[in-house]
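[1] The sequence isn't on hand, but the structure is:
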């Protein structure tokens, strides 16, 4: 039943294969009445007729249950009062209990109904973005990926991703059964209890679909590669993570399939059955909002549309300074204060009011005349600080910690990125997120803020997983929020350090960015920045990394997934991802030394293009600089201190700079600045102590 005690309505659950009546109850429960309108998501209300358009494609028999007194005036249930929210759940009892079996899609949508929470009125952070729970995001992402170019590697191959995900999960189930001293059946039965509440319905649905087959095959001692191929989540092709069975991989797969057929276990093809749900009325609007977040990279929860948000995740304050007033589009971090913030904190830096002694505003007294440069980065997944918690892949940890996946939704809401701990825009202590991630934090923003507290909250991380020069120039750069007339200058790092030479395609070299393409795309981006950055800004282009260190350092080390039995090395993971064509970088994550050298040569050539641009191009509103990639010197510095290079690389993906590397990167960059361009060092604000005394932490981040 609907729960209104906390000002929200929670849908009833609908687990496994759903009946039409179950779907009806869920849909009625999730509709929320707000001043006579039905609120489905922020800043959008639907009439009853529009609600009907949303529901009809999903549960076509619902139209037959409308009480006669609601049918006047509209072809469906359509009168203005009473509203759809007022329909009693008993309305659904007249619907046929026939199981919805036409499509796996329906049985995946129904569990989503269970997790939706919509507030009556304003859309606060406390609602935790329930409507956009990871369950629904995953469904939308798969559907959208079929028609819209979401950046790789996350959605570059839905089939390859499904295969890798299945292989990992089955491997962990097998290992956990051994560690817990349980049967496979018992381990699978408790699998969903390891996930937080909002994910349990989806987990249960998938277990209902695939669990019996997985149990059957694992009990017959088939390895995860064979299991996932047999149940249809891997598409053959000889890809395997674990050593093949004695009879050979393909032979084992065929035998396993025959066994499933003999037991009448026919597996659904999720990707084949998944309809184009983003084309459905009503769902399309939700897709568009998610597309704004997932593809356009704007904050999702941004009521005043100033490109800043009060929510932390979904491209909010973890990515760019927190909006201190989301009802006023003129109040946001980085702007020149309105009326010197005598009354209101229009630039969200926590400084406002009038000094009673001098009768000057505190902004005028403490910040006027100080060099104010905000901090931003236009980059890729390294800039966004991509990180998958290794505890998620470590069966020994999972077995002894029932809370391993408690924060999975928060992490997925940030796209598996950690910009708040990154080298450019990090601002908080990693201890808040332990054990998912740990290590020291320092950043360009923190260093700049320590020199001038007036820039508090003036940071933007426009890092996008899979970004390269082309996609940056096409759309991503436009999400940088700056106004030449009303905002302070900005110090921008242009850091696309790998994806122009990295991809998962079989002919990886053919898909690398050429020198001419890099020149044209980067120059076009610089020209665009000249139209949005305030005069006095700075842009620094960073060269590409030399990724040969990855294979050379990690290839024979044990991956977290293989930590129980020492049976999975990084070279095995690299080859598996390459075979599935979902590797983040086939050129460097490869046993072929010649290919690794070719990839580095192209990276060096592209870096030379950027360097030359910095020397030859001039712009009206910013000065342009170039710096070599700092990762190599950071590794050298770490090793000189007694560390080992592999410790600076992300342990799960074996590709990105890890948390330990972030402050080292900052140190290398500022050593370069001090030696080559001291004019880029932010001057010290002599009023910092006074600001701290009066305003404390300035409202935090």
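    It's in. Predicted, not measured: the structure shown is a model, and the values here were computed from it.

[2] When you work out contacts or count neighbours from here on, use the C-alpha atoms and nothing else.
    Fine.

[3] So which residue of the protein lies furthest out from the middle?
    residue 357 (48.5 Å; CA atoms, centre = their mean).

[4] For it, identify the helix or strand it belongs to.
    Assigned by DSSP states H and E, residue 357 belongs to no helix or strand.

[5] helices or strands up against the helix or strand containing residue 598?
    Assigned by DSSP H and E, residue 598 belongs to helix 593-616. Applying 3 or more CA pairs under 8 Å, 6 or more residues apart in numbering; DSSP states H and E, we find helix 593-616 packed against helix 515-532, strand 537-542, helix 548-554, strand 622-627.

[6] Among these, show me which one is buried the most.
    Scoring the helices and strands packed on helix 593-616 by mean neighbour count under mean count of other CA atoms under 10 Å gives strand 537-542 as the most buried, with a mean of 22.

[7] Give the pairing partners of that one; include direction for each.
    strand 490-495 (parallel), strand 622-627 (parallel) (DSSP bridges).

[8] quick one: which of those is nearest residue 588?
    Closest approach to residue 588 among the strands paired with strand 537-542 (CA to CA): strand 490-495, 18.6 Å.

[9] Could you check the angle the closest one makes with helix 593-616?
    Strand 490-495 and helix 593-616 are oriented at 150 degrees to each other (axes from the mean of the first three to the mean of the last three CA atoms, to 10 degrees).

[10] hmm, back to that, ok, which of the strands paired with strand 537-542 comes nearest residue 581?
    Among the strands paired with strand 537-542, strand 490-495 comes nearest to residue 581, with 24.8 Å by CA to CA.

[11] And the contacts of that closest one?
    Applying CA atoms under 8 Å, 6 or more residues apart in numbering, the contact partners of strand 490-495 are 373-380, 383, 533-534, 536-544.

[12] And those, which of them are buried?
    Among the contacts of strand 490-495, those scoring as buried are 373-380, 383, 533-534, 536-544 (criterion: 16 or more other CA atoms under 10 Å).

[13] re earlier: how close does the residue farthest from the centre of the chain sit to residue 653?
    In this view, residue 357 and residue 653 are 57 Å apart by CA to CA, to the nearest Å.

[14] okay, residue 101: pLDDT?
    Per-residue confidence at residue 101 stands at 33 (pLDDT).

[15] how about residue 575, what does it touch?
    Residues near residue 575 by CA under 8 Å, 6+ apart: 241, 589-590.

[16] Please dump those into JSON lines; it should also carry neighbour count, pLDDT and secondary structure for every row.
    Compiled in JSON lines, the contacts of residue 575 are given as follows (neighbours: other CA atoms under 10 Å; pLDDT from 0 to 100; DSSP: H, G, I helix; E, B strand; the rest coil):
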{"residue": "241", "neighbour count": "23", "pLDDT": "97", "secondary structure": "coil"}
{"residue": "589", "neighbour count": "31", "pLDDT": "97", "secondary structure": "coil"}
{"residue": "590", "neighbour count": "22", "pLDDT": "97", "secondary structure": "coil"}
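
[17] Redo these as a markdown table? Include distance to residue 341.
    Shown next, in a markdown table, are the contacts of residue 575 (distance: CA to CA, whole Å):
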| residue | distance to residue 341 |
| --- | --- |
| 241 | 59 |
| 589 | 52 |
| 590 | 56 |
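
[18] for the strand or helix carrying residue 470, what is the average pLDDT?
    Using DSSP H and E, residue 470 sits within helix 469-474. Helix 469-474 carries an average pLDDT of 96.

[19] What residues sit buried inside that helix?
    469-470, 472-473.

[20] Tell me how far the residue nearest to residue 303 when sequence neighbours are not counted lies from residue 311.
    Closest residue in space to residue 303, ignoring its immediate chain neighbours: residue 326 at 5.8 Å, by CA to CA, 6 or more residues apart in numbering. To residue 311, residue 326 is 10 Å away according to CA to CA.

[21] What residues sit buried inside the helix holding residue 598?
    595-597, 599-600, 602-611, 613-614.

[22] Next: stretch 669-678.
    For stretch 669-678, the neighbour count (16+ other CA under 10 Å) marks 669-670 as buried.

[23] and it, how far from the chain's centre?
    32 Å (CA atoms, centre = their mean, to the nearest Å).

[24] Now do that stretch: everything it contacts.
    With contact meaning CA under 8 Å, 6+ apart, stretch 669-678 is reached by 627, 630, 680-681.

[25] pLDDT on it, on average?
    In the prediction, stretch 669-678 has an average pLDDT of 96.

[26] ok, now stretch 300-310?
    When pLDDT is averaged over stretch 300-310, the result is 91.

[27] now swap in stretch 692-701 and tell me
    96.

[28] Which residues does that stretch contact?
    By CA under 8 Å, 6+ apart, the list of residues contacting stretch 692-701 reads 317, 321-322, 349-351, 427, 456-457.

[29] mind putting those in TSV, neighbour count included?
    Formatted as TSV, these follow (neighbours: other CA atoms under 10 Å):
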residue	neighbour count
317	23
321	27
322	25
349	29
350	25
351	30
427	24
456	26
457	31
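
[30] Let me see the contact set for residue 399.
    Per CA under 8 Å, 6+ apart, neighbours of residue 399: 176, 179-180.

[31] Residue 438 reaches residue 430, doesn't it?
    Yes - with contacts counted by CA atoms under 8 Å, residue 438 reaches residue 430, the gap being 5.3 Å.

[32] I'd like the secondary structure assignment at residue 207, please.
    helix (DSSP: H, G, I helix; E, B strand; the rest coil).

[33] Give the full set of residues in contact with the residue nearest to residue 645 when sequence neighbours are not counted.
    Using CA to CA, 6+ apart and skipping the chain neighbours, the partner closest in space to residue 645 is residue 635 (5.9 Å). Neighbouring residues of residue 635 by CA under 8 Å, 6+ apart: 645, 648, 661.

[34] Also residue 180?
    Contacts of residue 180 by CA under 8 Å, 6+ apart are residue 399.

[35] Could you measure from it over to residue 173?
    Note on residue 180: its distance to residue 173, by CA to CA, is 10 Å.

[36] Excluding residues flanking it in the chain, which one is nearest residue 230?
    residue 257 (5.1 Å).

[37] Can you report phi and psi for the one you found?
    Here is the backbone geometry of residue 257 (degrees, to the nearest 10): phi -60, psi -40.

[38] neighbours around it, how many?
    Look at residue 257: counted by other CA atoms under 10 Å, it has 23 neighbours.

[39] same check, this time on the one 4 residues further on
    Using other CA under 10 Å as the criterion, residue 261 is surrounded by 12 other residues.

[40] Show residues contacting the helix or strand where it lies.
    According to DSSP H and E, residue 261 maps onto helix 249-262. Identification of contacts with helix 249-262 by CA under 8 Å, 6+ apart yields 213, 217, 222, 226-227, 229-231, 236, 238, 245, 266.

[41] Output these in JSON lines; the columns should cover neighbour count, distance to residue 444 and secondary structure.
    Shown next, in JSON lines, are these (neighbours: other CA atoms under 10 Å; distance: CA to CA, whole Å; DSSP: H, G, I helix; E, B strand; the rest coil):
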{"residue": "213", "neighbour count": "25", "distance to residue 444": "51", "secondary structure": "helix"}
{"residue": "217", "neighbour count": "23", "distance to residue 444": "52", "secondary structure": "helix"}
{"residue": "222", "neighbour count": "18", "distance to residue 444": "50", "secondary structure": "coil"}
{"residue": "226", "neighbour count": "28", "distance to residue 444": "47", "secondary structure": "helix"}
{"residue": "227", "neighbour count": "27", "distance to residue 444": "47", "secondary structure": "helix"}
{"residue": "229", "neighbour count": "26", "distance to residue 444": "46", "secondary structure": "helix"}
{"residue": "230", "neighbour count": "26", "distance to residue 444": "50", "secondary structure": "helix"}
{"residue": "231", "neighbour count": "24", "distance to residue 444": "48", "secondary structure": "coil"}
{"residue": "236", "neighbour count": "18", "distance to residue 444": "46", "secondary structure": "coil"}
{"residue": "238", "neighbour count": "15", "distance to residue 444": "46", "secondary structure": "coil"}
{"residue": "245", "neighbour count": "16", "distance to residue 444": "51", "secondary structure": "coil"}
{"residue": "266", "neighbour count": "15", "distance to residue 444": "55", "secondary structure": "coil"}
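
[42] Fine by me, we can end here.
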